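1. Predicted coordinates and the sequence they were generated for:
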Amino acid sequence: MSWILLVIAGLLEVGWAIGLKYTEGFTRLVPSVLTGGAIVASMVLLGIATKNLPIGTAYGVWVGIGAVGAAIMGIVLFNEPATPARVFFLVLLLTSIVGLKVTSGR
């Protein structure tokens with residue numbers, strides 16, 4: 001169950017990272033409230049997941065999901081560049097996330 005909560009926390013991190021773009025510096029109410037809610041929910045779920053998972057693994061996976069997801073969503077939503085090098089390093093990050101899961105022993 002901790003891994004499921006951690007993945008949800010990571011997906012919420014993607015949501016709030018992308019939400020920051022839509023807040024326009026926290027000048028737009030609805031995107032700001034949704035982004036703030038996603039930040040809080042993401043942190044709470046990360047905290048719950050760390051009850052049963054090593055902090056280094058949980059935090060690394062959480063940050064990794066957020067980084068990969070935000071980069072992919074930036075490409076999809078904001079036409080950010082998808083150069084071969086960038087895609088390679090996103091795949092490398094994803095590989096690292098899977099590696100942390102596989103080697104965590106839980």
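-> Thanks, I have the structure now. Numbers count the residues shown, from 1 in each chain.
2. neighbouring contacts of the top helix by length along the chain?
-> Secondary structure assigned by DSSP state H gives helix 55-78 as the longest helix of the chain. Helix 55-78 has contacts (C-beta atoms under 8 Å, 6 or more residues apart in numbering) with 2, 6-7, 9-11, 13-14, 17-18, 21, 42, 46, 49-50, 80-82, 86, 90, 93-94, 96-97, 100-101, 104. All C-beta spots, glycine's among them, are computed from the backbone N, C-alpha and C.
3. Which parts of the chain are helices?
-> Under the criterion DSSP H, helices of the chain are mapped to 2-23, 29-49, 55-78, 84-103.
4. would you turn those helices into TSV with mean pLDDT and mean neighbour count?
-> Below are the helices of the chain laid out as TSV (pLDDT from 0 to 100; neighbours: other C-beta atoms under 10 Å):
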stretch	mean pLDDT	mean neighbour count
helix 2-23	97	19
helix 29-49	98	16
helix 55-78	96	18
helix 84-103	94	13
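5. Just the CA atoms of stretch 57-68, as CSV, please.
-> Backbone C-alpha positions of stretch 57-68 (Å, rounded to 0.1, in the frame of the first residue of the first chain) are rendered in CSV as follows:
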residue,chain,number,x,y,z
THR,A,57,14.1,5.5,-1.5
ALA,A,58,10.7,7.2,-1.0
TYR,A,59,12.0,10.7,-1.5
GLY,A,60,14.1,9.6,-4.6
VAL,A,61,11.1,7.9,-6.2
TRP,A,62,8.8,10.8,-5.4
VAL,A,63,11.1,13.4,-6.8
GLY,A,64,11.8,11.2,-9.8
ILE,A,65,8.2,10.7,-10.7
GLY,A,66,7.7,14.5,-10.3
ALA,A,67,10.7,15.3,-12.5
VAL,A,68,9.9,12.9,-15.3
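6. Run the chain-centre distance for it.
-> Its chain's C-alpha centre and that of stretch 57-68 lie 6 Å apart, by C-alpha atoms, centre = their mean, to the nearest Å.
7. now do stretch 47-57
-> That offset, for stretch 47-57, works out to 15 Å (C-alpha atoms, centre = their mean).
8. got it, and stretch 34-54?
-> Distance of stretch 34-54 from its chain centroid, counting by C-alpha atoms, centre = their mean, is 11 Å.
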